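please find the sequence and the predicted model below.
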Amino acid sequence: MQSELPPNRLKELREARGWKPYNVAHMIGADPSTVYRWETGQSKMPDRMKLKLADLYGVTIAYMMGWPEHADAA
C-alpha cells in the first residue's frame, strides 16, 4: 500500500489552477518550501494538510493519494 502522495499528483492539481507553490502555501497556512517538498515526495504530509488540500482542490484524499477510490478497484 502506498503511504505518501505520488510526487506529481499535487503539482498537477496546483498547475491546473495556475497557482504557484506560494499561492497554495498561503491558502492552507504552510510554507512554500514545504508545499514543494510534498509535491516532490521529499516530505511526509500531515493528515490535517491532506484534508485542507483535498478541500482546496475539490478532490478526495484517495484521489490525491493515488489510492483506488472503490474497494473493488484494488
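Good, I have the coordinates. Since this is a predicted model, take the numbers as computed values, not measurements.

and stretch 34-53, average pLDDT?
What stretch 34-53 shows for mean pLDDT is 92.

chain center to it: distance?
Its chain's C-alpha centre and that of stretch 34-53 lie 6 Å apart, by C-alpha atoms, centre = their mean, to the nearest Å.

quick one: end-to-end length of that stretch, please.
The first and final residues of stretch 34-53 sit 13 Å from each other (C-alpha to C-alpha, to the nearest Å).

buried sites along it?
Residues of stretch 34-53 classed as buried by neighbour count (16 or more other C-beta atoms under 10 Å): 34, 35, 36, 38, 39, 45, 49, 52, 53. Using the backbone N, CA and C atoms, a C-beta is placed for each residue, glycine as well.

which stretches in the chain count as helices?
Taking DSSP state H as the test, the helices found in the chain are 7-16, 21-28, 32-39, 47-57, 61-65.

from the buried residues of stretch 34-53, pick the one nearest residue 24.
Closest approach between these and residue 24, by C-beta to C-beta: residue 35, at 5.2 Å.

dump the buried residues of stretch 34-53 to JSON lines, plus distance to residue 20.
Listed next are those as JSON lines, based on distance: C-beta to C-beta, whole Å:
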{"residue": "34", "distance to residue 20": "14"}
{"residue": "35", "distance to residue 20": "9"}
{"residue": "36", "distance to residue 20": "10"}
{"residue": "38", "distance to residue 20": "14"}
{"residue": "39", "distance to residue 20": "11"}
{"residue": "45", "distance to residue 20": "18"}
{"residue": "49", "distance to residue 20": "17"}
{"residue": "52", "distance to residue 20": "17"}
{"residue": "53", "distance to residue 20": "15"}
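
what's the closest non-adjacent residue to the residue most central in space within the chain?
Nearest to the geometric centre of the chain sits residue 10, at 4.2 Å (C-alpha atoms, centre = their mean). Leaving aside its sequence neighbours, residue 10 sits nearest to residue 39 (C-beta to C-beta, 6 or more residues apart in numbering; 4.5 Å).
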